[in-house]
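Engineer: Sequence and predicted model, in that order:
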Amino acid sequence: MDGLTELDIETSKKRSLPALLREVRACELCAANLPLEPRPVLQCHSAARILIAGQAPGRKVHESGVPFQDASGDRLRAWLGITSEVFYDERKIAILPMGFCFPGTGSSGDLPPRAECAPAWRSELLGLLTKLQLTLVIGQYAQQHHLADAGSSVTEIVQAWRKHWPNIVPLPHPSPRNNRWLLQNPWFEVELLPALKARVAQALGEL
Ligand code: SF4
């Protein structure tokens with residue numbers, strides 16, 4: 001898909017999900033602004049029942065090409081109460097970060113997801129996920145995009161998790177960088193996580 005412009009993407013209508021995913025995986029839209037070659041990392045199937053809306057792949061995930069195959073993923077699976085087998089079953093879980101490619105690293109961690117990515121791909125992909133029961137909105141970039149809580153901090157948004165229940169659950173990023181946040185916000189593990197595990201099992205049809 002060399003040379004594809006946002007206008008080309010906009011005017012190309014009604015693609016099937018497999019066709020759209022082929023185009024996403026060949027995307028070079030913001031290649032000039034990426035530190036490494038484009039490597040979109042996502043997981044998507046029209047049968048998926050849970051959407052994980054995250055941030056962007058880190059370097060380790062860029063190298064493996066497998067979403068959340070890192071310490072953040074281990075913690076996220078523990079939060080959800082699901083195994084790796086369930087997590088990587090694309091017919092159950094869709095994983096769409098706000099930026100599909102590794103954006104690079106700054107002085108205080110990974111850079112924000114590339115701003116070109118969501119406008120180019122997100123709404124069309126989401127429109128093809130018709131079986132979703134639950135959306136997990138992880139971190140500030142996904143929360144700014146998916147929730148009408150603009151201006152609120154991640155802590156304020158996650159603390160108000162009941163506002164979006166039961167179809168949307170805002171979460172902090174499960175990165176080890178947030179260990180301090182978890183210590184400072186014990187209500188997250190005491191109140192939200194037990195409810196989240198039950199909701200995930202329900203959305204997967206296990207309850
Ligand atoms: S981050 Fe998104 S827009 Fe940029 S090259 Fe990767 S898939 Fe394309």
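Structural biologist: Structure's in. What do you need?
Engineer: secondary structure class for the residue nearest to residue 121 when sequence neighbours are not counted?
Structural biologist: Counting by Cβ to Cβ, 6 or more residues apart in numbering, residue 121 lies nearest to residue 24, which is 5.6 Å off, once chain neighbours are set aside. Where you see a C-beta, it was placed from the backbone N, CA and C, and this is true even at glycine. At residue 24 the chain is in helix, as set by DSSP: H, G, I helix; E, B strand; the rest coil.
Engineer: Identify the residues contacting residue 24.
Structural biologist: 40, 42, 100, 121, 125 (Cβ atoms under 8 Å, 6 or more residues apart in numbering).
Engineer: give me that answer again for 10 Å
Structural biologist: Residues counted as contacts of residue 24 (Cβ atoms under 10 Å, 6 or more residues apart in numbering) are 1, 9, 40, 42, 44, 96, 100, 117, 120, 121, 124, 125.
Engineer: Among those, name the buried ones.
Structural biologist: 9, 40, 42, 44, 96, 100, 117, 120, 121, 124, 125 (16 or more other Cβ atoms under 10 Å).
Engineer: from what I can see the last one touches residue 43, true?
Structural biologist: Spelled out, it's residue 125. No: between residue 125 and residue 43 there is no contact under Cβ atoms under 10 Å: 11.2 Å.
Engineer: what touches both of the two?
Structural biologist: Contacts common to residue 125 and residue 43, judged by Cβ under 10 Å, 6+ apart, are 21, 94, 96.
Engineer: what does this structure put close to the ligand?
Structural biologist: Residues of the chain lying close to the ligand (Cβ under 6 Å from any ligand atom) are 24, 27-31, 38, 40, 99-101, 114, 116-117, 120.
Engineer: Tell me which helix or strand the residue lying closest to residue 53 once chain neighbours are set aside sits in.
Structural biologist: Counting by Cβ to Cβ, 6+ apart, residue 53 lies nearest to residue 142, which is 4.2 Å off, once chain neighbours are set aside. For residue 142, the host element (DSSP states H and E) is helix 139-146.
Engineer: tell me the pLDDT at the residue nearest to residue 121?
Structural biologist: Residue 24 carries a pLDDT value of 98.
Engineer: Equivalent analysis for the one 10 residues further on, please.
Structural biologist: Reported pLDDT at residue 34 in the predicted model: 98.
Engineer: swap in residue 152?
Structural biologist: 88.
Engineer: just for this structure, where's the confidence low?
Structural biologist: Within the chain, the stretches with pLDDT under 70 are 1-13, 150, 207.
Engineer: residue ranges of the helices in it, please?
Structural biologist: Taking DSSP state H as the test, the helices found in the chain are 6-11, 17-25, 59-64, 71-80, 84-87, 117-127, 139-146, 154-159, 179-184, 187, 193-203.
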